[in-house]
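Undergrad: The sequence and its predicted three-dimensional model are supplied below.
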Amino acid sequence: MKLTSLRIITKDIRSSVSFYEQITGLKAQWYTEDFAELSMPLITIAIGSTQTMKLFGEHMTESESTQSTIIEFLVSDVDGEYERIKEVTDHIVQEPTTMPWGNRSLLFRDPDGNLINFFTPVSAEAVKKFS
């Protein structure tokens with residue numbers, strides 16, 4: 001089994017795609033007016049409007065709570081990314097903080113309220129884990 005994609009369902013696809021283009025530095029590939037993807041070497045972020053959920057079934061028009069998932073990005077300099085990200089969004093949840101497991105972490109929200117974590121390993125164990 002191989003995890004290939006993370007799909008985000010949004011009410012405002014243009015805003016969400018623009019946001020993810022800004023934070024990743026990637027250009028989205030649009031397939032329809034309701035579906036776009038940002039491809040990275042190991043995973044693709046797919047973004048679909050709530051309209052795409054109707055294709056999965058009659059009662060699938062609304063996404064559920066975004067409170068239990070964090071989308072995480074390994075970055076080389078979380079403090080540098082913080083300076084850039086605070087220009088993109090004012091929904092910073094936690095400024096860069098070193099966590100007990102050895103990652104320095106920046107937590108913020110996308111336009112739909114999804115939590116995003118940019119992190120940089122800083123302890124010897126965390127650096128080794130992600131090398």
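TA: Thanks, I have it.
Undergrad: For the rest of this, base every contact and every neighbour count on C-alpha atoms.
TA: OK.
Undergrad: can you list the weak-confidence ranges in this protein?
TA: 57-67 (pLDDT under 70).
Undergrad: Find the residue at the geometric middle of it.
TA: residue 71 (4.5 Å; Cα atoms, centre = their mean).
Undergrad: Disregarding residues adjacent in the polypeptide, which is nearest to that residue?
TA: residue 116 (4.7 Å; Cα to Cα, 6 or more residues apart in numbering).
Undergrad: Give me the three-state assignment for that neighbour.
TA: strand (DSSP: H, G, I helix; E, B strand; the rest coil).
Undergrad: how about it, what does it touch?
TA: 70, 71, 72, 73, 107, 108, 109, 110 (Cα atoms under 8 Å, 6 or more residues apart in numbering).
Undergrad: quick one, domains of the protein?
TA: 1-62, 65-131 (automatic domain parsing).
Undergrad: And the nearest residue to residue 123 once chain neighbours are set aside, how far from residue 83?
TA: Nearest residue to residue 123 in three dimensions, chain neighbours excluded: residue 102, at 4.7 Å (Cα to Cα, 6+ apart). Using Cα to Cα, to the nearest Å, one obtains 21 Å as the distance from residue 102 to residue 83.
Undergrad: higher neighbour count, the two?
TA: residue 102 (16 against 11; other Cα atoms under 10 Å).
Undergrad: is it true that the more buried one touches residue 128?
TA: No: counting by Cα atoms under 8 Å, residue 128 is not a contact partner of residue 102; they are 10.6 Å apart.
Undergrad: follow-up on the earlier one: bridged to the residue nearest to residue 71, which residues?
TA: Under the criterion DSSP bridges, residue 116 forms beta bridges with residue 71, residue 108.
Undergrad: CA atoms only: put the longest helix along the chain into PDB for me.
TA: Longest helix of the chain, by residue count under DSSP state H: helix 13-24. C-alpha atoms of helix 13-24 as PDB (Å, rounded to 0.1, in the frame of the first residue of the first chain):
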ATOM      1  CA  ILE A  13     -11.800  26.200  -3.900                       C
ATOM      2  CA  ARG A  14     -10.200  29.200  -5.500                       C
ATOM      3  CA  SER A  15      -9.200  30.600  -2.100                       C
ATOM      4  CA  SER A  16      -7.900  27.300  -0.900                       C
ATOM      5  CA  VAL A  17      -5.900  26.500  -4.000                       C
ATOM      6  CA  SER A  18      -4.400  30.000  -3.900                       C
ATOM      7  CA  PHE A  19      -3.500  29.500  -0.200                       C
ATOM      8  CA  TYR A  20      -1.800  26.200  -0.700                       C
ATOM      9  CA  GLU A  21       0.100  27.500  -3.800                       C
ATOM     10  CA  GLN A  22       1.400  30.300  -1.600                       C
ATOM     11  CA  ILE A  23       2.500  28.200   1.400                       C
ATOM     12  CA  THR A  24       4.100  25.400  -0.800                       C
END
